[in-house]
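# let me see the structure of the following:
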Amino acid sequence: NNLYMHDADAGEDFGGAVYNSGNLGIYNCTFVNNQSGKGGAIYNAGDSFMTIGECSFSSNHTSNEGGAISTATDATINIYYSSFYNNWSVKGGALASNGADTHIEYCTFQDNYSVTGGAVYMSSGELEALGSQFTSNTASELGGAIYCTLGFVVINETNFNSNIAGIDGGAIRNVNGEFHLDTCKFTGNSAAKSGHCIANSGIQNVSVWLFMSNCTLQGNLANDVTF
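Model prediction:
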């Protein structure tokens, strides 16, 4: 509780400030300018459980994935009322989730950067987000706010504003995943090629699914949603 963790450097190891392989709660903490190979501030190892509440992550970075946080296969991570600003990585500027169960509520992701998944990168596993904000995140290639492959995603009451992708999926890039979006708003997102809000594709005979209800798309460039 109530810790300020800054300028930690794990080199190419995992978790610049924190490495969790058990059951850990982190509350009211600030993480600034930490770096590692995976999980610039925090790495949550496989089969571990972590809860993060009312924390701030800024300017954390990695050479691989999860600029602020990376969570591994069969792990669980719950993040509440936390903010992620100006974190960067190759995959998942703020958060990378690989085969994990990830739950996000009332969080802000702003000005994060990566090649794939400006704010969040997800490979398999499950992601649930509620009441959150994704604003001005950038992916130089795919998924300005979120990139997902082979995952199951439920997002409710969440806003996507002014996110940018250098190729596809200004807000979301969905590859062989299943997305359920309810009462979400997409405003001013853009992609250089296609899917200024959402770009979807299925490969290797695997289906891709997108379900949207009560969502608003406005002020985005043409071709809001593509398949």
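# just for this structure, where's the confidence low?
204-206, 221-223, 227 (pLDDT under 70).
# quick check: closest non-adjacent residue to residue 72.
residue 46 (4.3 Å; C-beta to C-beta, 6 or more residues apart in numbering). Glycine gets a C-beta too; all of them are placed from N, C-alpha and C.
# where's the residue most central in space within the chain relative to residue 151, distance?
Ranked by distance to the mean C-alpha position of the chain (C-alpha atoms, centre = their mean), the top residue is residue 120 at 1.5 Å. Per C-beta to C-beta, to the nearest Å, residue 120 is found 10 Å from residue 151.
# so what sits against both of those two?
Common neighbours of residue 120 and residue 151, counting by C-beta atoms under 8 Å, 6 or more residues apart in numbering, are residue 127.
# how about residue 208: what's its closest non-neighbour residue?
That would be residue 202: by C-beta to C-beta, 6+ apart, it lies 3.8 Å from residue 208.
# in contact with that neighbour, which residues?
Neighbours of residue 202 in contact, by C-beta under 8 Å, 6+ apart: 175, 176, 208.
# next: residue 210.
174, 178, 179, 181, 198, 200, 225, 227.
# for PyMOL, what selects the buried ones among those residues?
Per 16 or more other C-beta atoms under 10 Å, the buried members of the contacts of residue 210 correspond to this PyMOL selection:
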select buried, resi 174+178+179+181+198+200+225
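# of the contacts of residue 210, closest to residue 145?
Nearest to residue 145, judged by C-beta to C-beta, of the contacts of residue 210 is residue 198 at 10.0 Å.
# tell me the spacing between residue 131 and residue 155.
Taken as C-beta to C-beta, the span from residue 131 to residue 155 is 10 Å.
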